[in-house]
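K.L.:
below: sequence and its predicted model.
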Amino acid sequence: MSFQDDVRAVARQIQHADAVTVISHIDADGITSEAIMVQACKDAHIPVESVFVRQLEPMTMKYVPEDSTLKVFIDLGAGQQNLLEERGMGTEDVAIIDHHISQDVDTPYLQVNGQPYGHTQLSAAGIGYLVAKEMNPGHPNLGMLAKNAVVGNVGDMMAREHCGLIGPAREIAADGERAGTIEIVQKQLNCYGISTRPLKVCLSFSDDPFIPGISNNEQKSEAFLKKLNIAEKTADGKDRVWEDLDPDEKSGIINGLAQQMLATGQDVSRLLAEHYIFPGEEKWTALRNASEYATMLNACGRWARPKVGSAVCAGDRAQAYWEGERMLRHHKRIIREMMEYILDTGTTVLSHIQHIHVGDRFPDTIVGIGAGMALSKLDYEKPIMILCYLNDDPDLVKVSMRTNSRMVERGIDLQAALITASEEIGGGGGGHKIAAGAYIPTNAEEGFAELVNRIIAEQRK
Ligand SMILES: [Mn+2]
C-alpha cells in the first residue's frame with residue numbers, strides 16, 4: 001500500500017457511508033480538518049454531523065454517538081484505537097485520518113496517516129484535504145479546502161522547521177494558488193503578524209531567529225525602522241504592517257537585519273520564510289494570512305467555541321466571524337495578563353530551569369502560550385515551567401514547559417525531560433523539544449521542578 005492508496009481507501013469508505021460523524025480536535029488543525037471533511041461530505045450529499053473533543057480519552061468517548069453513522073476520526077484516533085475497540089466498533093464503522101503516532105490494536109481500522117510514509121510535515125487538515133480531493137478531484141470548493149488545509153498545517157507548526165511548507169503540504173498550497181485562494185510569497189521575513197501587527201511590534205516579537213538588538217526590544221526596533229527611513233504610519237495615521245510595505249522597504253529591512261545578525265556572528269539561515277496570504281480576505285484582519293488565521297481558530301478552540309472557528313472556515317464572515325474576532329481579542333488579552341502575572345510575581349530560578357505555579361488563575365488551555373510569551377522577557381537560557389490546576393480534575397496538575405530554538409540547538413529536549421520526569425511519578429507527558437506538557441498527580445507536585453531541573457542539566461551541551 002502507498003500513501004495514496006490509503007487516501008483512496010478512506011475516501012471510498014466515506015463515499016459509501018449513508019451518514020458521517022466527524023470527530024475532531026479543538027485546535028486550528030482539528031478545526032480546519034473538521035471543516036474540510038464536513039464540506040467534502042456535504043458536496044457528496046452525505047448527511048454529516050460533527051463533534052469536537054479536547055482529547056480522545058475514556059471520559060470524552062461519551063461524545064462519540066452510538067449510532068450507525070460512519071465515524072471519521074480526524075487529527076486524533078490513531079493513538080486511541082483501543083478506545084474504539086473497547087466501544088465495540090468494527091472496521092466498517094470507522095475511518096481514521098491522523099498524523100499522530102499510531103497504536104496497534106487487533107481490529108485493522110482503516111487509517112490514512114503520513115507518518116509511516118515519512119510525511120512528517122503534513123498535518124491532519126492536509127491529509128483531510130487529500131481525502132476530499134480524492135472524493136471529488138473536480139471539487140468546486142477545492143481552493144477553499146486548500147486554504148483551510150494550509151491554515152491547519154501552519155497552525156500545527158508544519159511550516160516551522162523548514163521556514164515554509166514542504167512535500168504534500170506545499171503541493172496543497174500550490175493547489176490553492178492555482179485556484180486563486182492562496183498567494184505564496186517567498187523570501188519574506190520569518191515573522192508572525194504580517195497582516196495585523198504594527199511593524200515595530202512584529203519585529204520585536206521575532207525570536208526565531210533571535211535577532212540581537214531587535215528581538216524583545218520594541219524601542220530598538222522602532223529606531224531600526226527610523227534609520228531605514230521606513231514610515232511606521234500610513235498617510236491617514238494607521239500603523240503599517242509588513243504586508244503594507246513595498247518590495248524595496250521589505251528588502252531594506254531584511255538586509256538590515258541580516259547585517260545586524262552577521263555582525264554578531266549569528267546564523268541567518270532562518271531569517272527568511274514563505275508566507276501564505278489569502279487575497280480574498282480583508283486586509284489588516286487576522287484572516288488575511290495562514291498563521292494569524294490559525295491563531296483565531298486556536299482562540300475559538302481554547303475558549304470552548306470550536307464551532308465558531310468551524311463556521312469561519314466554512315465561510316461565515318458575519319456573526320461567527322465577529323465572534324471569532326472577539327475570542328481572539330479575549331485570548332490575546334488573557335495571555336498578556338498571564339504574562340504580566342508571571343513577570344510581576346517572578347519565577348523561582350533553579351540552576352537550569354525556572355518555574356512558577358499559577359494555581360487556578362488562568363485556564364490550563366492557555367498556560368503554555370503564556371509561558372512562551374513570558375520566557376521571551378526572561379532568561380532565555382532557562383526553560384520555563386508553569387504548573388496550574390485543572391478546573392475539572394483536582395487530582396491532576398498540568399505542567400507546561402517552553403524553551404526556544406537556541407536552547408534546542410544546545411541539546412534541550414523538553415518532551416524527553418517531561419516524559420521521563422512525569423512517568424517517574426505516575427503522570428504522563430508529551431510534545432516537542434521546544435514545547436511540551438504533562439499531567440502529574442497533585443500529590444507529586446512537590447519536588448517535580450527539581451526533578452526536571454536535574455534532567456535538563458544532563459541534556460545541556
Ligand atoms: Mn494536528
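P.N.:
Sure thing, it's come through.
K.L.:
show me where the stretch 201-350 of the chain has its helices.
P.N.:
Here the stretch 201-350 of the chain has its helices, by DSSP state H, counting those that start in this stretch, at 218-227, 247-263, 290-302, 306-313, 319-345.
K.L.:
which one, of those helices, ends up nearest to the ion?
P.N.:
Nearest to the ion among the helices of the stretch 201-350 of the chain is helix 290-302; the distance by Cβ to the ion comes to 11.0 Å. Quick note: C-beta positions are derived from backbone N, CA and C, even for glycine.
K.L.:
send me stretch 183-196 as CSV with only the CA atoms.
P.N.:
Extracted C-alpha coordinates of stretch 183-196, given in CSV (Å, rounded to 0.1, in the frame of the first residue of the first chain):
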residue,chain,number,x,y,z
GLU,A,183,-0.8,33.7,-2.6
ILE,A,184,2.5,32.1,-1.8
VAL,A,185,5.0,34.8,-1.1
GLN,A,186,8.6,33.6,-1.0
LYS,A,187,11.7,35.0,0.7
GLN,A,188,9.8,37.1,3.3
LEU,A,189,10.8,37.9,6.8
ASN,A,190,10.3,35.0,9.1
CYS,A,191,7.9,36.7,11.4
TYR,A,192,4.4,36.5,12.8
GLY,A,193,1.7,39.1,12.5
ILE,A,194,2.3,40.3,8.9
SER,A,195,-1.3,41.4,8.5
THR,A,196,-2.2,42.9,11.9
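K.L.:
neighbours of Leu57, how many?
P.N.:
Just so we're on the same page, residue 57 is Glu rather than Leu. Per other Cβ atoms under 10 Å, the neighbour tally for Glu57 reads 11.
K.L.:
mind checking the SS state of it?
P.N.:
Under the three-state scheme (DSSP: H, G, I helix; E, B strand; the rest coil), Glu57 adopts coil.
K.L.:
any idea how far it is from the ion?
P.N.:
From Glu57 across to the ion, the span is 16 Å (Cβ to the ion, to the nearest Å).
K.L.:
that residue contacts Leu83, correct?
P.N.:
Yes: using Cβ atoms under 8 Å, Glu57 is in contact with Leu83, at 7.4 Å.
K.L.:
mind putting the helices of the stretch 201-350 of the chain in a markdown table, mean pLDDT included?
P.N.:
What follows is the helices of the stretch 201-350 of the chain, written out as a markdown table (pLDDT from 0 to 100):
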| stretch | mean pLDDT |
| --- | --- |
| helix 218-227 | 95 |
| helix 247-263 | 95 |
| helix 290-302 | 96 |
| helix 306-313 | 98 |
| helix 319-345 | 95 |
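K.L.:
and Ser400, that one's in a helix?
P.N.:
No: Ser400 is assigned strand when assessed by three-state DSSP, not a helix.
K.L.:
so it makes contact with Ile366?
P.N.:
No: between Ser400 and Ile366 there is no contact under Cβ under 8 Å: 9.5 Å.
K.L.:
the ion contacts on this structure?
P.N.:
Counting by Cβ under 5 Å from the ion, the chain comes close to the ion at Asp29, Asp75, Ser123, Ala124, Asp156.
K.L.:
residue contacts, the last one?
P.N.:
By Cβ atoms under 8 Å, 6 or more residues apart in numbering, Asp156 lies in contact with Asp27, Ala28, Asp29, His99, Ser123, Ala124, Ala125.
K.L.:
inside helices: which ones of those residues?
P.N.:
Ala28, Asp29, Ala124, Ala125 (DSSP state H).
K.L.:
nearest to the ion, of the contacts of Asp156?
P.N.:
Asp29 (3.4 Å).
K.L.:
burial check on that closest one, number of neighbours?
P.N.:
31.
K.L.:
give me every residue that touches it.
P.N.:
By Cβ under 8 Å, 6+ apart, the neighbours of Asp29 are Asp75, Ser123, Ala124, Ala125, Gly152, Asn153, Gly155, Asp156.
K.L.:
rerun at 7 Å
P.N.:
Asp29 is in contact with Asp75, Ser123, Ala124, Ala125, Gly152, Gly155, Asp156, counting by Cβ atoms under 7 Å, 6 or more residues apart in numbering.
K.L.:
same thing with Gln266?
P.N.:
Pro209, Pro212 are the contacts of Gln266 under Cβ under 7 Å, 6+ apart.
K.L.:
and it, how close does it get to Pro383?
P.N.:
21 Å (Cβ to Cβ, to the nearest Å).
K.L.:
over to Cys163?
P.N.:
Plainly put, Cys163 is 23 Å away from Pro383 if you go by Cβ to Cβ.
K.L.:
repeat for Trp322
P.N.:
38 Å.
K.L.:
over to Cys41?
P.N.:
43 Å.
K.L.:
same question for Ala11.
P.N.:
From Ala11 to Pro383 the distance is 43 Å (Cβ to Cβ).
K.L.:
which of these two has more neighbours?
P.N.:
Pro383 (28 against 21).
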